[in-house]
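>>> I'll drop the sequence and a predicted model, then ask my questions.
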Amino acid sequence: MPSFASLTAVLAFLGVVGATPVELQKRKAFSIGQVERKTYIKNGAKSVAKTLRKYGAKVPQNILNAANAGPNGSAPAVPADQYDSLYLSPVDVGGTVLQLDFDTGSADLWCFSDLQASSQLTGHDYYKAVASKKVEGASWRISYGDGSGASGTVYADKVVVGGVTATSQAVEAATSVSTQFQADRDTDGLLGLSFSTLNTVKPTKAKTFFDNVKDSLAEPLFAVTLKYHAPGTYDFGFIDKSKYTGEITYIDVNTANGWWEFTSTGYSIGNGATTTVNIDGIGDTGTTLLYLPTAVVKAYYAKVTGAQNSNTYGGWVFPCNSAPPDFTLVIGGSKQTVPGKHINYAPVTTGSSTCFGGIQTNDGIGFSIFGDIFLKSKYVIHEAGAKPRLGFAQQ
Ligand SMILES: Cc1noc(C)c1CN(C)Cc1cc2n(n1)CCN(c1cc(N)ncn1)C2
């Protein structure tokens, strides 16, 4: 049985030989102009990188460099107050720079806008909605765990974060925001970095900024460096070796609920022994504190002098001059330690000698939340792709 190659050769030969002399004379020399496809990748290395990613393969650094892939970018994450209750990053939204709270626990990019009553805009920068950019028929409404929320309409506009541009990002312009956001003159809106399945735009969900830009980045990832009482960064498209020490430990993410959800397999307090227990939770930069199962929280505060679970203050408190112990979570087999001083969150009221704990129970939430108290000592890589995963390293 002749091989496919030999058959092909024969057919090719017949193609020419099969033409009679008259037909040969009829054939004029001609060329077909090639029309460049818009999506044609001019850069071979970029094409190789795209193919490797498509099939879940790691892209070697030399190919990444040759692909001069990018644009990558970095934005600062600046504490909004002295207690790191939230972090704000500058974002160019349709030509105005707004201070947005990058939130890996939600998927809406929404902002204060000139569609709101002007009384709600005092002290804010806000998005100038342009009628020609309106997404007709689209609306959004979001509520957060603390009861705050906002709602409005949708515009397609250019958004730039640290030099990385989404040319047609769904910008969710607020027509109304809750009293908590009206009282907070620092936050001009949020930039969601969870999975786009959590987006609230109707009738058609919108994509997050990261989903819109990830294929243009050198690598489909962003890395979060929140810091204790100091500015950190959100890096897009690259891993910055100067921002962490030791090894990166990766863990697979369960995306079924739209979050960066994973399971820790245990914990320890101070220099104590490790307790093996599965703790399912979400990485969430938009949540200030670290919310854990009641048994874990009780075990922790048993080691803090004067700690009590206060009805008055709605959570675990202790004397501000206590020295709470370190707290360690086991993630992907590695020990991820939170320094004790990070767990002294803030005085319960200004000037009080009673402080509110950075670790609180996840009662009523249904899962744990690894919020800023946990994150601000870590370098956390959020990698998209066929199998999204998180990478953890010590800062
Ligand atoms: C001021 C101030 N300082 O700290 C906060 C919080 C505020 C309140 N102020 C209105 C600011 C505020 C309230 C929220 N945010 N920002 C972020 C979104 N929220 C989330 C996100 C998420 N992933 N998970 C739970 N909630 C609630």
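Received it, and whenever you're ready, just let me know what you need. Numbers count the residues shown, from 1 in each chain.

>>> helix or strand for the residue in the stretch 251-395 of the chain that the ligand sits nearest to, just tell me which one.
Residue of the stretch 251-395 of the chain nearest the ligand, by Cβ to the nearest ligand atom: Gly286 (2.8 Å). Glycine gets a C-beta too; all of them are placed from N, C-alpha and C. Following DSSP states H and E, there is no helix or strand that holds Gly286.

>>> show me what the closest residue to it other than its chain neighbours bridges to in the sheet.
Nearest non-adjacent residue to Gly286, counting by Cβ to Cβ, 6 or more residues apart in numbering: Asp103, 3.2 Å away. In this entry, Asp103 is beta-bridged to Gly192, by DSSP bridges.

>>> what about Asp103, neighbour count?
The number of residues packed near Asp103 is 22, by other Cβ atoms under 10 Å.

>>> doesn't Leu190 make contact with it?
Yes. The criterion here is Cβ atoms under 8 Å, and Asp103 meets it with Leu190 at 5.0 Å.

>>> common neighbours of these two, please.
Gly286 (Cβ atoms under 8 Å, 6 or more residues apart in numbering).

>>> now stretch 244-257: mean pLDDT?
Regarding stretch 244-257, the rounded mean pLDDT is 98.

>>> how about that stretch and the ligand, touching?
No. In terms of Cβ under 6 Å from any ligand atom, no part of stretch 244-257 sits within range of the ligand; the closest distance is 12.8 Å.

>>> pull that stretch out as CSV, backbone CA atoms only.
This file holds the C-alpha atoms of stretch 244-257, laid out as CSV (Å, rounded to 0.1, in the frame of the first residue of the first chain):
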residue,chain,number,x,y,z
TYR,A,244,9.9,37.6,47.1
THR,A,245,12.3,35.3,48.9
GLY,A,246,12.6,31.5,48.8
GLU,A,247,10.6,29.3,46.6
ILE,A,248,7.1,29.8,45.0
THR,A,249,4.6,27.1,46.0
TYR,A,250,1.8,26.6,43.5
ILE,A,251,-1.7,25.3,44.3
ASP,A,252,-4.5,24.5,41.9
VAL,A,253,-7.6,26.8,42.1
ASN,A,254,-11.2,25.7,42.2
THR,A,255,-12.9,28.2,39.9
ALA,A,256,-16.4,26.7,40.2
ASN,A,257,-17.6,29.6,42.4
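
>>> buried residues, it. List them.
Tyr244, Ile248, Thr249, Ile251, Val253 (16 or more other Cβ atoms under 10 Å).
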